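**Student:** Predicted model and sequence follow; I will ask about them next.
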Amino acid sequence: MAAQDQAIQTKYYATKILNTETDSKCRPCQQFDKTIDHIISACTILAKEQYIKRHDGVCAQLHFNICKETGVQLDKKHWYEHVPKSVETSQGGKVTIPWNQQVQTDRTIPNNIPDIIIRDNEKGTCMLIDVAISGDRNVIKIEAEKILKHKDLAIEIERMWTVKTKVIPVTIWATGTVSKPFRKYVSNIPGNMESRNYRKKKPYWALHTYFVTY
Ligand SMILES: [Zn+2]
């Protein structure tokens with residue numbers, strides 16, 4: 001368990017069991033106990049803005065690396081200043097990268113907005129990337145659900161664009177923990193294969209330290 005997580009837990013136990021602190025309630029919502037699970041993924045007040053920010057932060061970092069790797073001209077030097085455009089195109093136009101865009105399909109597909117799409121016309125490939133910062137410890141289960149969620153869209157894209165299509169789930173348990181296959185999934189994504197740097201990058205990926213202050 002990470003030190004920060006222990007710190008949160010200690011606060012909770014100090015209040016509940018030792019009775020040394022008076023307030024064990026979550027400060028933003030004042031409704032539920034300040035447990036790790038609550039703070040990192042279950043608080044309705046934090047969900048309105050902070051969880052979305054955290055999800056979009058991970059997406060922006062992935063997107064920045066993809067753009068750099070595929071030769072998209074970027075205005076910013078760092079991922080945290082990067083604001084993804086709805087569609088980026090590499091110089092030469094071989095790779096297009098729609099961001100949070102609905103895919104127009106002939107038949108109705110309910111889940112048709114992946115976080116990031118990488119369509120490589122030269123290689124004849126397409127990647128559908130779906131990011132989740134999960135409150136559920138069972139990250140493997142979420143990854144499987146994400147792949148299933150976009151299966152129909154992947155099949156439809158293969159047919160429409162005649163490109164080999166893959167769904168890549170990027171799922172991080174909200175404490176920063178990832179599954180064993182995580183690195184394999186992420187290494188498929190252009191510009192994100194330096195998975196051994198994952199530990200160093202963890203603050204950006206997980207962005208969970210923010211919540212410790214609550
Ligand atoms: Zn709360």
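**Tutor:** All right, it came through fine.

**Student:** Flag every residue of this protein that's near the ion.
**Tutor:** Taking C-beta under 5 Å from the ion as the test, the list of the chain residues beside the ion reads 26, 29, 43. Bear in mind the C-beta positions are built from the backbone N, C-alpha and C, glycine included.

**Student:** For the first one, give me its contacts.
**Tutor:** Same thing as Cys26. Contact analysis of Cys26 by C-beta atoms under 8 Å, 6 or more residues apart in numbering lists 32-34, 38-39, 43, 45, 214.

**Student:** thinking again about what came up before, would you turn the residues of the chain next to the ion into a markdown table with pLDDT and secondary structure?
**Tutor:** Formatted as a markdown table, the residues of the chain next to the ion follow (pLDDT from 0 to 100; DSSP: H, G, I helix; E, B strand; the rest coil):
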| residue | pLDDT | secondary structure |
| --- | --- | --- |
| Cys26 | 85 | coil |
| Cys29 | 89 | coil |
| Cys43 | 88 | coil |
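
**Student:** and the most centrally placed residue in the chain, backbone torsions?
**Tutor:** Closest to where the C-alpha atoms of the chain average out (C-alpha atoms, centre = their mean) is Val131, at 3.3 Å. Main-chain torsions, Val131, degrees, to the nearest 10: phi -100, psi 130.

**Student:** From the ion, how far off is it?
**Tutor:** 23 Å (C-beta to the ion, to the nearest Å).

**Student:** still on that earlier bit, so of the contacts of Cys26, which ones are in helices?
**Tutor:** Ile45 (DSSP state H).

**Student:** Counting neighbours, which of the contacts of Cys26 comes out on top?
**Tutor:** Of all those, the most densely surrounded is Ile39 (26 neighbours; neighbours counted as other C-beta atoms under 10 Å).
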